[in-house]
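S.K.: attaching a predicted model along with its sequence, questions to come.
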Amino acid sequence: MSQTVSLTAAWLLLSAATLLATFLGHQSDGAAVRLVPTMAAGILLIAFVKVGLVMAYFMELRWAPYALVATAAAWVIVECSLLIGLFAR
Amino acid sequence: MQRAKHVPGEVGIWVLVFIDLTVFGALFVNYTWTRSQPATGSSMGLTGFDRDLGCLNTLVLLSSSWFVAMAMTAARGKREATGRRFILGALAMGAVFVAIKAYEYGEKFVVGITPATNAYFTYFFTLTGLHLFHLLVGMCVLLWMRARMAHISSNRDIQHLESGATFWHLVDLLWIVIFPLIYFL
């Protein structure tokens, strides 16, 4: 797959995920209603999958040495787990 | 396409990336912790928010990142003029983001909402303001990249451009987390 095609595919996927998260988020529309924890976890999970895609395709970490990839992946996993854990309390 | 493994950009830019990720990461956890507290979280209203504007700004930044990534592909292929046009596209997206954010801030200020209104708006203005500052710095970096793209003569030049591109993608990446945290959760 050429670089142009893979970058465009990543952009389309990221945009679709954004629209999906927005649709899910609108389920709590109407006022200051907090999302139920499972919905909040789903939206956060989508966000961190998007972060992973940006790192891999746009920041080119898929071509990077393992140490750099592992450090970035560690941030994504720790941050995602902490935020979902706090919302699920 | 299989490429040899290499660090995109200079090592220094990745030090900056991880410092920023740590600082913003701590702010995200702090915000989420505060919201999860019954005493303070329930008083932090999410009212008066145009979530579609937040979504639009996310799509705008994702598009800007695509423009920058395409510019890097063009630069490596020695298509400097194409690369410069892609950077211009990214700059335009950055300007749209700033315009939407200015409109959003204006909407709040007009009805008397400031960072001092409540804890939620303190976080709202801190996170989005800090991000906006990064974006404005990023737009200066894009201008520099556009000028630099006209004079590519070695791999070192490509490496400098990669550093600029990495910073811009960081701006996009941070917004991807800020958007659901501030607008939905």
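M.R.: Happy to help now that I have it. Numbers count the residues shown, from 1 in each chain, chains lettered A, B, ... in the order given.
S.K.: contact partners for A:A16?
M.R.: Neighbour list for A:A16: empty [criterion: Cβ atoms under 8 Å, 6 or more residues apart in numbering or on different chains]. For glycine as for every other residue, the C-beta is placed from the backbone atoms N, C-alpha and C.
S.K.: what strand or helix carries it?
M.R.: Assigned by DSSP states H and E, A:A16 belongs to helix A:3-25.
S.K.: CA atoms of that helix as CSV?
M.R.: What follows is helix A:3-25, C-alpha atoms only, in CSV (Å, rounded to 0.1, in the frame of the first residue of the first chain):
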residue,chain,number,x,y,z
GLN,A,3,2.2,6.0,1.6
THR,A,4,-0.6,8.3,0.3
VAL,A,5,-3.2,5.5,0.4
SER,A,6,-2.3,4.4,4.0
LEU,A,7,-2.2,8.1,5.2
THR,A,8,-5.6,8.8,3.6
ALA,A,9,-7.1,5.5,5.0
ALA,A,10,-5.8,6.5,8.5
TRP,A,11,-7.4,10.0,8.2
LEU,A,12,-10.7,8.5,7.1
LEU,A,13,-10.7,6.0,10.0
LEU,A,14,-9.8,8.8,12.5
SER,A,15,-12.6,11.0,11.1
ALA,A,16,-15.1,8.1,11.3
ALA,A,17,-14.1,7.3,14.9
THR,A,18,-14.6,11.0,15.8
LEU,A,19,-18.1,11.0,14.3
LEU,A,20,-18.9,7.7,16.2
ALA,A,21,-17.7,9.2,19.5
THR,A,22,-19.7,12.3,18.9
PHE,A,23,-22.8,10.3,18.2
LEU,A,24,-22.3,8.3,21.4
GLY,A,25,-21.6,11.4,23.4
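S.K.: so after that helix, what's the next helix or strand?
M.R.: In N-to-C order, the element after helix A:3-25 by DSSP H and E is helix A:37-53.
S.K.: just checking, next helix/strand downstream of that following helix?
M.R.: Once the chain leaves helix A:37-53, the next helix or strand it forms, by DSSP H and E, is helix A:66-88.
S.K.: if we can go back for a sec, can you pull the buried residues of the helix holding A:A16?
M.R.: Using 16 or more other Cβ atoms under 10 Å in any protein chain shown as the test for burial, helix A:3-25 gives A:3, A:6-7, A:10-11, A:14-15, A:17-18, A:21-22, A:24-25.
S.K.: and chain B, which of those reach it?
M.R.: Restricting the buried residues of helix A:3-25 to those within reach of chain B (Cβ under 8 Å from any Cβ of the partner chain) leaves A:Q3, A:L7, A:A10, A:W11, A:L14, A:S15, A:T18, A:A21, A:T22, A:G25.
S.K.: in TSV: the residues you listed, plus pLDDT.
M.R.: TSV is the format used below for these (pLDDT from 0 to 100):
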residue	pLDDT
A:Q3	89
A:L7	97
A:A10	97
A:W11	98
A:L14	98
A:S15	98
A:T18	97
A:A21	92
A:T22	91
A:G25	84
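S.K.: between the residues you listed, which is nearest B:L91?
M.R.: Checking these against B:L91 by Cβ to Cβ gives A:W11 as the nearest, at 17.3 Å.
S.K.: contact partners for the closest one?
M.R.: The contact partners of A:W11, taken as Cβ under 8 Å, 6+ apart, are B:L62, B:S63, B:S65, B:W66.
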